[in-house]
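1. Structure, please.
(4 chains)
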Number of protein chains: 2
Amino acid sequence: MPDFDKLDRAIHEKSRLAIMTLLASRVSWSFQDLKSELKMSDGNLVTHLRTLHKLGFVAVTKAVLDRPQTSYALTAKGRAAFKDYLHVLEQIVQAGKA
Amino acid sequence: MPDFDKLDRAIHEKSRLAIMTLLASRVSWSFQDLKSELKMSDGNLVTHLRTLHKLGFVAVTKAVLDRPQTSYALTAKGRAAFKDYLHVLEQIVQAGKA
DNA sequence: CGCTTTAACTTTGTATTACAAAGTTTGCCC
DNA sequence: GGGCAAACTTTGTAATACAAAGTTAAAGCG
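-> Numbering: from 1, shown residues only, chains lettered A, B, ... in the order given. Below you'll find the model as predicted:
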């Protein structure tokens, strides 16, 4: 049976799971791109990103180009935590097929 | 990208995800077996089971053998919902590997 | 220099809900 | 009846997702 205790609650939450999946798929995402992809309010999005940042999963880069632009990327720690999380998901999918 | 909107919140919650996975792995589970496998308080467990039952995902059978024994099983609807849920998990795992 | 616009962030409020702990019901066995 | 165990209900608390509105800062433009 899968080890459900290993499902990190911070990642498991639906919105943050979506964020983590997006961040894992590219080197970096701008705030605006995340927002339009996820269709969240900016307040909500920034809060989830802050949660992930506080856990050390997400790195934040602020730049001022034409407009201010904040970008987000997974840290090594975030990538590792996400990998562990995905490993449990795989176990669940396996168990569900059996 | 995975369709996160399709992640049924009732199933996605950690405890209920564990319950659904167990129920999917066998025809039927007694309350006691679920409880000892999941190490939840009985109040908490019964509440989650009721939630799943109200959604039509879980069938309940009460029998009095030696002791009273309540058993739980997935309904066809529950099995279908869980299958859809697992399908999204698969997409997430795939996306995470890419 | 104000004025507007946009990005990003903060604050506030609400509603949901997970969970534990304690209490209740029911029926068996002595 | 008394004790015990399964299953269930009630109650209380703490966490938190989310929206909406307000705030700050910087750029472009007249």
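2. Just give the closest residue to A:Phe57, not the sequence neighbours.
-> A:Gly78 (3.2 Å; C-beta to C-beta, 6 or more residues apart in numbering or on different chains). For the C-beta atoms, the positions are set from N, CA and C on the backbone; glycine is no exception.
3. Quick check: pLDDT value at the closest residue to A:Leu45 other than its chain neighbours.
-> Leaving aside its sequence neighbours, A:Leu45 sits nearest to A:Lys35 (C-beta to C-beta, 6+ apart; 5.6 Å). Here, the pLDDT recorded for A:Lys35 equals 95.
4. most centrally placed residue in chain A?
-> A:Met20 (1.8 Å; C-alpha atoms, centre = their mean).
5. follow-up on the earlier one: ok, now which ones touch the residue nearest to A:Phe57?
-> Residues in contact with A:Gly78 (C-beta atoms under 8 Å, 6 or more residues apart in numbering or on different chains) are A:20, A:23, A:52, A:55-59.
6. do you know how far the nearest residue to A:Phe31 once chain neighbours are set aside is from A:Ala95?
-> Using C-beta to C-beta, 6+ apart and skipping residues adjacent in sequence, the residue nearest A:Phe31 is A:Thr70, 4.7 Å away. Separation of A:Thr70 from A:Ala95 (C-beta to C-beta, to the nearest Å): 39 Å.
7. Give me the mean pLDDT for stretch A:15-22.
-> 98.
8. Determine if any part of it is in contact with DNA strand D.
-> Yes - residues of stretch A:15-22 contacting DNA strand D under C-beta under 7 Å from any atom of the strand: A:Ser15.
9. right, is that stretch up against DNA strand C?
-> No - figure legend: stretch A:15-22 not in contact with DNA strand C (C-beta under 7 Å from any atom of the strand); closest approach 12.8 Å.
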